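> Structure for this input, please:
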Amino acid sequence: MSNSRHIAVIVTLAAVLVAAGCRHDRHPSVPARAMMLSEGDGRLAASAEGPGTFYVVDERSNEIRYSGKVERGQSITVDPRENEIRVDDRVVSENRLNSGNRHRIFFDRGEVVRERITIEERRSR
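Numbering: from 1, shown residues only. Modelled structure (predicted):
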């Protein structure tokens, strides 16, 4: 193999690896700190471990199919066969679920606000 051909093969492989590495695993509107709780192409379910927001993303189209705030213990069910998303037993979305597409459920607890308390010590002389 000639040097120029060898270099062309290396450059092509590098481009493929870079392109594969640039693939995002979540929709830009899903916060980076959100945890993926479930994924698949069938019925999915997950529960909130605290107050926060559920996000349901269609992996193929990379579109958010649902997002909504929840409280601790609430559950979400994504059912492409029935074309609906439920939070607890309430239908929150009845459109655009593509059966056979992979869906992902993310959960974001939101920003953790920590209060910083500063105690000032004063000494008397």
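> Flag the shaky bits of this protein, pLDDT-wise.
1-25, 111-125 (pLDDT under 70).
> For it, which segments are assigned as helices?
Ranges of helices in the chain, per DSSP state H, are 3-21.
> Now the nearest residue to residue 52 once chain neighbours are set aside, what are its backbone angles?
Leaving aside its sequence neighbours, residue 52 sits nearest to residue 109 (Cβ to Cβ, 6 or more residues apart in numbering; 4.3 Å). Any C-beta I mention is one placed from the backbone N, CA and C, and that applies to glycine too. Backbone dihedrals for residue 109, given as degrees, to the nearest 10, come out at phi -80, psi -10.
> Residue 109 - how many residues pack around it?
Residues contacting residue 109 under the criterion other Cβ atoms under 10 Å number 16.
> likewise residue 55?
Around residue 55 there are 24 residues (other Cβ under 10 Å).
> can I assume it is in contact with residue 33?
No - at 11.9 Å, residue 55 and residue 33 do not qualify as touching, with contact defined as Cβ atoms under 8 Å.
> what's the overlap in contacts for these two?
residue 108 (Cβ atoms under 8 Å, 6 or more residues apart in numbering).
> Next, the contact list for the residue nearest to residue 52, please.
Counting by Cβ under 8 Å, 6+ apart, residue 109 touches 33, 49-52.
> Give me the buried subset of those.
For those, a burial check counting by 16 or more other Cβ atoms under 10 Å picks out residue 52.
> Can I get the contacts of residue 109 in TSV including distance to residue 80?
Below are those laid out as TSV (distance: Cβ to Cβ, whole Å):
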residue	distance to residue 80
33	27
49	25
50	27
51	27
52	24
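> Quick check: the two most widely separated of the contacts of residue 109?
Of all pairs drawn from the contacts of residue 109, the greatest distance, 14.5 Å, lies between 33 and 51 (Cβ to Cβ).
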